[in-house]
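Novice: Predicted model follows, preceded by the sequence.
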Amino acid sequence: METYELTARYDARKSFYGKAKIVENNNILTLFSYGTKVAEIDTIKNTAKIFNAQSQTTLRHIKEFFNQSGFRADNKQQMLNDYWAD
């Protein structure tokens, strides 16, 4: 298991200042925003899920995470429609 900070590549901000972390375990990438599990990517199945998207900042983290992983992340509504975990 490896943990690292989400970097800002597509976002206008220079950094997320340690508020967004990715935990890589086997083939699952899990995004934590402010310590809360908010999204997950299965790199084998090539699927993405959103578990929590309550704040604007968390949405920025998720959008960056998905963009860096090759998933479409245009806006909140599109992301929730495509990736919300039921």
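Specialist: Ah, there it is.

Novice: From now on I want contacts and neighbour counts done on CA atoms only, so please keep to that.
Specialist: Noted.

Novice: Buried ones in stretch 58-65, by neighbour count?
Specialist: 58, 59, 60, 61, 62, 63, 64, 65 (16 or more other CA atoms under 10 Å).

Novice: Where does the prediction get shaky in the chain?
Specialist: Within the chain, no stretch has pLDDT under 70.

Novice: Could you pull out the helices in this protein for me?
Specialist: 56-68, 76-83 (DSSP state H).

Novice: Next, count neighbours for residue 48.
Specialist: The number of residues packed around residue 48, counting by other CA atoms under 10 Å, is 21.

Novice: correction: residue 72
Specialist: The burial count for residue 72: 14, using other CA under 10 Å.

Novice: Look up phi and psi at residue 14.
Specialist: phi -80, psi -30 (degrees, to the nearest 10).

Novice: any idea how far it lies from residue 8?
Specialist: 6 Å (CA to CA, to the nearest Å).

Novice: of the two, who's got more company?
Specialist: For residue 14 and residue 8, the more surrounded residue by other CA under 10 Å is residue 8, and the numbers stand at 17 against 10.

Novice: my guess is the more buried one meets residue 17, correct?
Specialist: No - under the criterion of CA atoms under 8 Å, residue 8 makes no contact with residue 17, lying 9.7 Å away.

Novice: thinking again about what came up before, just give me the closest of the buried residues of stretch 58-65 to residue 26.
Specialist: Ranked by distance to residue 26 (CA to CA), the buried residues of stretch 58-65 are led by residue 65 at 17.6 Å.
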